[in-house]
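Novice: can you look at this prediction? I've put the sequence above it.
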Amino acid sequence: MLDETILKQHGQDHILEYCKMMSQSEKEQLHIDMDRIDLDEVDKLYEDVYVNRKMIEIADDVEQINYDIKENLPEEKLAEYRSLGLSAIKEGKFAVLLMAGGQGTRLGHKAPKGTFSFNDKSLFERQAEQLNKLFEETGTPIHWYIMTSDINHKDTLSFFLENNYFGYDESYIHFFKQDHVVALSTEGELVLDKDKHIMRTPNGNGGVFKSLEKANLLNEMKDNGVEYLFLNNIDNVLVKVLDSEFAGFIKEKDCDITTKSVQAYPDEKVGRIVSIDDKKQVLEYSELPEGEVNKLENANIGIHAFKLDFLIEAASKPLPYHLAIKNLKQIDEDFSVIEKETLKFELFYFDIFQYANSFATLQVDRKEEFSPLKNKEGKDSIETAQQDLETNQLL
Ligand code: UTP
C-alpha cells in the first residue's frame, strides 16, 4: 500500500496522482518499485548531494604526483617492460575490466556506446580484438569483465551474441551489472521513467567496486590467480587494452594503483591526478587553485590497474555521491513523454584512490592513446575520434 501520510511527510505524494491515471498492472508495478525505496535515504541523498551541495571547494596543498614519462624511457627499458608484462599476462596475473554501464547521453547514440562503429568496427570489437591478439601472443586467455547497467545490459549481451563474441572465448567474458539509484526532480521528487517505473539510473562508474564485490567476482579473480585488474572506459577510441609495456610497468612498480596519464594542455578542463597530504585524488579543473592548474601536468584518462588485494580491502569503503544534472526522458503529469533536467547521483571510481598506500603513474602520448568519444559534435566527438583513429591507422 502507498501510505499517503508517509508519502506526504517525504514530499512524494505526487505519486498518488500518477497512480490515479494508471492501469491495474501499472499500479502493481509502481507498488513493487516503491517497496524497494527507502524514503529516508532518498531525503538524505537530496539534502546532502543537492540542497546542501557545497560551492566548489578549492583544494589546498595540491601537489604534483611523481610520474614517469614514457617518452623519456630508453628503448631497452621499454623492451624490458614488454617482456615482463607478457610473462605476467602469460601467467594469468592480469584480468581486464571494461566499464560500459554509462548512459552516453551526450553522444545520443540509440544503443550502448560500445556498439558505436567507425568503419563498421564497433568500440566493443576494437577492444576484443586487442585481447584476442594478446591471447595469440601469450596462449593465455584473459578474463574480461564487462560492467553494464539496467539501461544497456540486454542490448550489450545481444550485441556480443550477434557478433559471436568477436571470436573471444565466451567463457572468459563475464558481464555484470552495476547498481542503480533513484533519480530526482530538482524539487526532490521521485520521477517516472517512460515505462512508468520509478526512475533509477546507474550509480556512476564508482559503483564498479561494490558491484564486483557483491557478485563475488573479486574472490573469483583471486581464485584464478589474478594479481592485478586493468580497468578502462568504453569511449577512449585509442585505448590500448592491457598493452604489455604498461603491464610490465605495473608489475615492476607493484603498487596498489598504477595509472596512465597524459600531459594536460594549458588550462585544459580535464581532471588532474594530484596528491594532497600524500593521498592521491583526481580533481576537476574547477576544484584547483587558480595559478596552480598548469603546474599539475597529469590529466586523468581512465586507464588504471588495481592490485587485487587492494581492491578486496577497499571495495567496501565508502565513496561519496556526486551530482550530475542530465536531460532524461520521463513521464510528465499528463503522462506524455518529455525530456527534462533531472538530478542523477553518481559515484566516481577514482574516489577510491584516497585509500591507496602506493601509487605509480606512467605519462603517455595523448596522440597515441587518448581520444574520448563523448559528444556528437565539437570537442571529443565523432569527428575528432575518427580523425585520431585515422592518424593512428586504426580505421
Ligand atoms: P562518462 O562519465 O563519460 O558517462 O563515462 P557516460 O554515461 O558514458 O556519458 P554521458 O556523460 O551520459 O554523456 C565514463 C566511463 O564510465 C562508464 C561509461 O560507460 C564510460 O566507460 N560509466 C559511467 C559506467 O560504467 N557507469 C556509469 O554509471 C557511468
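Specialist: That came through fine.

Novice: for stretch 223-236, buried residues please.
Specialist: For stretch 223-236, burial by neighbour count (16 or more other Cβ atoms under 10 Å) applies to 226-236. C-beta coordinates here come from the backbone N, C-alpha and C atoms, glycine included.

Novice: wait, does it make contact with the ligand?
Specialist: Yes - contact of stretch 223-236 with the ligand (Cβ under 6 Å from any ligand atom) involves 233-235.

Novice: how close does residue 378 get to residue 106?
Specialist: 10 Å (Cβ to Cβ, to the nearest Å).

Novice: same question, residue 356
Specialist: For residue 356 relative to residue 106 (Cβ to Cβ), the value is 30 Å.

Novice: now the strands for the stretch 151-300 of the chain?
Specialist: Here the stretch 151-300 of the chain has its strands, by DSSP state E, counting those that start in this stretch, at 173-177, 180-182, 200-202, 228-233, 257-263, 272-276, 279-283, 298-307.

Novice: in TSV, list these along with distance to residue 395 and mean pLDDT.
Specialist: Formatted as TSV, the strands of the stretch 151-300 of the chain follow (distance: least, Cβ to Cβ, whole Å; pLDDT from 0 to 100):
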stretch	distance to residue 395	mean pLDDT
strand 173-177	25	98
strand 180-182	36	97
strand 200-202	30	95
strand 228-233	20	98
strand 257-263	22	98
strand 272-276	30	96
strand 279-283	31	95
strand 298-307	21	98
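
Novice: out of these, nearest to residue 142?
Specialist: strand 228-233 (8.9 Å; Cβ to Cβ).

Novice: then that closest one to CSV, C-alphas only?
Specialist: Only the C-alpha atoms of strand 228-233 are listed here, as CSV (Å, rounded to 0.1, in the frame of the first residue of the first chain):
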residue,chain,number,x,y,z
TYR,A,228,46.1,-7.0,-11.0
LEU,A,229,42.9,-5.7,-12.5
PHE,A,230,43.4,-3.5,-15.5
LEU,A,231,40.4,-1.1,-15.9
ASN,A,232,39.4,1.1,-18.8
ASN,A,233,36.4,3.1,-20.3
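
Novice: okay, the angle between it and strand 257-263?
Specialist: Angle, strand 228-233 to strand 257-263, by axes from the mean of the first three to the mean of the last three Cα atoms, to 10 degrees: 40 degrees.

Novice: for strand 228-233, give me every contacting residue.
Specialist: For strand 228-233, the surrounding residues in contact (Cβ atoms under 8 Å, 6 or more residues apart in numbering) are 88, 93-99, 127, 145, 205, 208, 221, 239, 241-242, 246-247, 250-251, 258, 302-308, 311, 349, 372.

Novice: taking these one by one, which sit in helices?
Specialist: Among the contacts of strand 228-233, the residues falling in helices (DSSP state H) are 88, 127, 208, 221, 246-247, 250-251, 308, 311.

Novice: and the buried ones among those residues, selectable in PyMOL?
Specialist: Buried residues within the ones in helices among the contacts of strand 228-233, by 16+ other Cβ under 10 Å, are selected in PyMOL with:
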select buried, resi 88+127+208+221+246+247+250+251+308+311
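
Novice: nearest to residue 326, of the ones in helices among the contacts of strand 228-233?
Specialist: The closest of the ones in helices among the contacts of strand 228-233, once distances to residue 326 are taken by Cβ to Cβ, is residue 208, at 19.5 Å.

Novice: that closest one against residue 350, yeah?
Specialist: No - between residue 208 and residue 350 there is no contact under Cβ atoms under 8 Å: 10.9 Å.

Novice: if we can go back for a sec, right, and the strands of the stretch 151-300 of the chain - which one's nearest residue 40?
Specialist: strand 180-182 (12.6 Å).

Novice: show me what that closest one is packed against.
Specialist: Applying 3 or more Cβ pairs under 8 Å, 6 or more residues apart in numbering; DSSP states H and E, one finds that strand 180-182 makes contact with helix 39-45, strand 200-202.

Novice: does the shortest one reach the ligand?
Specialist: Yes - remark: strand 200-202 sits within contact range of the ligand at residue 202, by Cβ under 6 Å from any ligand atom.

Novice: partner strands of that strand and their direction?
Specialist: Paired neighbours of strand 200-202 in the sheet (DSSP bridges): strand 180-182 (antiparallel).

Novice: for the strand it pairs with, which positions count as buried?
Specialist: Neighbour-count burial for strand 180-182, with 16+ other Cβ under 10 Å as criterion, is recorded at 180-182.
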